[in-house]
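below is the sequence, then the predicted model.
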Amino acid sequence: MSQNTIENPKVVSQAEWIAARKELLAKEKNLTRQRDALAEERRKLPWVKVDKKYVFETASGKKTLAELFGGKSQLAVYHFMLGPDWEQGCPSCSLLADHMDGMAIHLAQRDVRLVIVSRAPLGKIEEFKKRMAWKFPWVSSYGSDFNFDFGVSVAKEDVGKEILYNFAPSKFPSDERPGMSVFCKNPNGEVFHTYSMYARGLEDLLGLYAILDRVPKGRDEAGLPHGMAWVRHHDRYPESNIVEVKAAKT
């Protein structure tokens, strides 16, 4: 990771700092109000009824999409990049997944079940999940059209071609891309697709970036091949960077 020197743009008195911080706070509050308004508009999107029967392999047997709700009326599905022939999960998806165990129990209190879905066979998913010490439900859509229909997978022969992703033509660099799709189930058991997001839309799920965006170096990703090129699986960082984490667990 970068060890660039932090360039302090200006050193001022406490009073001057407070004045500058209050000026920025006004802009932050305006952004918060805009975000709230956008969230309300997002909730007003029309729905699409899901008539196709999708079946998933789970730790407790085969389940339909409707059965993945687990007694809740809302279902958030994270499309985790782990293809049928992949050796391990995507590091960036894994970074996001590191946030999920803590969220899942709280989401359940708001009538939301969080489920992770990948195209890899269930055995491969379970093996990687065990390695990463995750507890959230993770199911396999292997042999299903689910990932293709919700815009996160392409056939091997279509890699590199212009394929619809994030609602616009895009070249898939691999057969898997990340995303999140949201569904709602009514009292009659009918399932509706209400929302999907992809690409940088997923950054809202990364609490880590909320902190990086507030420290002096920021994300410190300039000059990298791509924004998240620094990310590793949490058990693959240099030992010196994970000693503190290990100590906290013991």
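That came through, no problem.

and the strands in this structure?
Taking DSSP state E as the criterion, the chain contains strands spanning 48-49, 55-58, 61-64, 74-79, 112-118, 138-140, 162-165, 168-171, 179-185, 191-198.

which elements pack onto the second one?
By that I understand strand 55-58. strand 61-64, strand 138-140 (3 or more C-beta pairs under 8 Å, 6 or more residues apart in numbering; DSSP states H and E). C-beta coordinates here come from the backbone N, C-alpha and C atoms, glycine included.

winner for burial among these?
strand 138-140 (a mean of 23; mean count of other C-beta atoms under 10 Å).

distance between the ends of stretch 99-119?
21 Å (C-alpha to C-alpha, to the nearest Å).

try stretch 54-61
With C-alpha to C-alpha, one end of stretch 54-61 sits 14 Å from the other.

for the protein, which spans come out with low pLDDT?
Along the chain, segments meeting pLDDT under 70 span 1-5, 240-250.

dump the strands of the chain to CSV, plus distance to K156.
Converted to CSV, these look like this (distance: least, C-beta to C-beta, whole Å):
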stretch, distance to K156
strand 48-49, 28
strand 55-58, 21
strand 61-64, 26
strand 74-79, 18
strand 112-118, 16
strand 138-140, 18
strand 162-165, 12
strand 168-171, 14
strand 179-185, 19
strand 191-198, 20
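
the longest helix along the chain versus strand 191-198: what angle between them?
For the chain, the longest helix by residue count, based on DSSP state H, is helix 14-43. Helix 14-43 runs at 140 degrees relative to strand 191-198, counting by axes from the mean of the first three to the mean of the last three C-alpha atoms, to 10 degrees.

show me what helix 14-43 packs onto, helices and strands only.
Against helix 14-43 (3+ C-beta pairs under 8 Å, 6+ apart) you get no helix or strand.

what angle do that helix and strand 179-185 make?
Using the same axes, to 10 degrees: helix 14-43 against strand 179-185 is 50 degrees.

so for stretch 175-193, what gets flagged as buried?
Within stretch 175-193, the residues that count as buried by 16 or more other C-beta atoms under 10 Å are 175-185, 191, 193.

one more: stretch 20-38?
Taking 16+ other C-beta under 10 Å as the criterion, stretch 20-38 shows none as buried.

same question, stretch 46-62
Buried residues in stretch 46-62 (16+ other C-beta under 10 Å): V50, Y54, F56, E57, T58.

equivalent analysis for stretch 197-210, please.
M197, Y198, L202, L205, L206, Y209.

quick one: that stretch to chain centroid distance?
The chain centroid and the centroid of stretch 197-210 are separated by 6 Å under C-alpha atoms, centre = their mean, to the nearest Å.

which residues touch that stretch?
Defining contact as C-beta atoms under 8 Å, 6 or more residues apart in numbering, one finds that stretch 197-210 is touched by 78, 95-96, 99, 151-152, 165-167, 177-180, 219.

how about a cut-off of 10 Å?
35, 42, 76, 78-79, 92-93, 95-100, 102-103, 150-152, 165-168, 170, 177-182, 212-213, 218-219, 227-228, 231 (C-beta atoms under 10 Å, 6 or more residues apart in numbering).

hmm, back to that, of the buried residues of stretch 197-210, which is the nearest to R236?
Set against R236, the nearest of those by C-beta to C-beta is L206 (18.2 Å).
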